[in-house]
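K.L.:
Fold the following for me, if possible:
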Amino acid sequence: MKSQEDSKSNDRDQAHAAVSIILASGQEGESVLLIRRATHPGDPWSGHLAFPGGKIDPDDLSPLDAAIRETKEECGIQLSEKDCVERSPLAEAGHYSGRVLRVLPFAFYLEKQPPLNPDPTEVESAFWLPLSKFMDFAEHHFHCFHPVLKTKKFSHLHIGGTRLWGFTYEQLGSYLMRRGFLGDEFCEIFKK
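P.N.:
Below is the predicted model of the structure:
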């Protein structure tokens, strides 16, 4: 059996980046933290909705440490390992941008929503999305909207004049499926 240190080393070797799926209780019930990435020339993810997170730096002890560090830098939230409730499976992001990254998502649960202090160089805005919106199947859409892949239809959710789609949409849906939050109607969209 592999030790925890062997597992951390293997994760570090396989993953390029780590993200934080942060759930917290708020006035509108359980919510998930999303950011709108700042716009930067040459960044294929500029302006996209995403989870806090980013590249694993050489100084990070593990992908989990990278997720915690990036969340603090991007949103001003200090997470700890004890807040982590799940290490999701290694996943790939960026297939449609031509810049594929292997990403480790980590799910965190907080008793209440902490104040957000987004870093404007990395994050245009940060907000809590009520899970009730994501769990309402009628809120999900399936359309062509990609600037290059004009005929490919993508599942997505409209939020504040933009779309939650791609990696973040799929990871949130898969996490909620594994936790039993989503009904059978979502099975065709998300994997457990």
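
K.L.:
Which parts of this protein are strands?
P.N.:
Remark: strands assigned in the chain by DSSP state E are 17-26, 29-37, 49-50, 53-55, 84-87, 91-93, 101-110, 123-130, 140-144, 153-159, 162-165.

K.L.:
can I get the ones you listed in a markdown table with mean neighbour count?
P.N.:
All C-beta spots, glycine's among them, are computed from the backbone N, C-alpha and C. Below are the strands of the chain laid out as a markdown table (neighbours: other Cβ atoms under 10 Å):
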| stretch | mean neighbour count |
| --- | --- |
| strand 17-26 | 22 |
| strand 29-37 | 20 |
| strand 49-50 | 22 |
| strand 53-55 | 20 |
| strand 84-87 | 15 |
| strand 91-93 | 16 |
| strand 101-110 | 21 |
| strand 123-130 | 16 |
| strand 140-144 | 13 |
| strand 153-159 | 16 |
| strand 162-165 | 18 |
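
K.L.:
Reformat those as a markdown table; add mean pLDDT and distance to residue 78.
P.N.:
Formatted as a markdown table, the strands of the chain follow (pLDDT from 0 to 100; distance: least, Cβ to Cβ, whole Å):
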| stretch | mean pLDDT | distance to residue 78 |
| --- | --- | --- |
| strand 17-26 | 96 | 12 |
| strand 29-37 | 95 | 13 |
| strand 49-50 | 94 | 20 |
| strand 53-55 | 94 | 15 |
| strand 84-87 | 97 | 13 |
| strand 91-93 | 86 | 25 |
| strand 101-110 | 95 | 11 |
| strand 123-130 | 95 | 15 |
| strand 140-144 | 75 | 33 |
| strand 153-159 | 80 | 26 |
| strand 162-165 | 85 | 25 |
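
K.L.:
Could you tell me how many residues sit around residue 166?
P.N.:
Residues contacting residue 166 under the criterion other Cβ atoms under 10 Å number 21.

K.L.:
Once you drop chain neighbours, what's closest to the residue nearest the centre of the chain?
P.N.:
With distances taken as Cα atoms, centre = their mean, residue 51 lies nearest the centre of the chain, 3.3 Å away. Distance criterion Cβ to Cβ, 6 or more residues apart in numbering; nearest residue to residue 51, sequence neighbours excluded, is residue 19 at 4.1 Å.

K.L.:
quick revisit: which stretch among the strands of the chain comes nearest residue 181?
P.N.:
Of all these, it is strand 29-37 that lies closest to residue 181, at 8.4 Å by Cβ to Cβ.

K.L.:
and the closest one, what does it pack onto?
P.N.:
Using 3 or more Cβ pairs under 8 Å, 6 or more residues apart in numbering; DSSP states H and E as the contact test, the elements touching strand 29-37 are strand 17-26, strand 49-50, helix 63-75, strand 123-130, helix 131-135.
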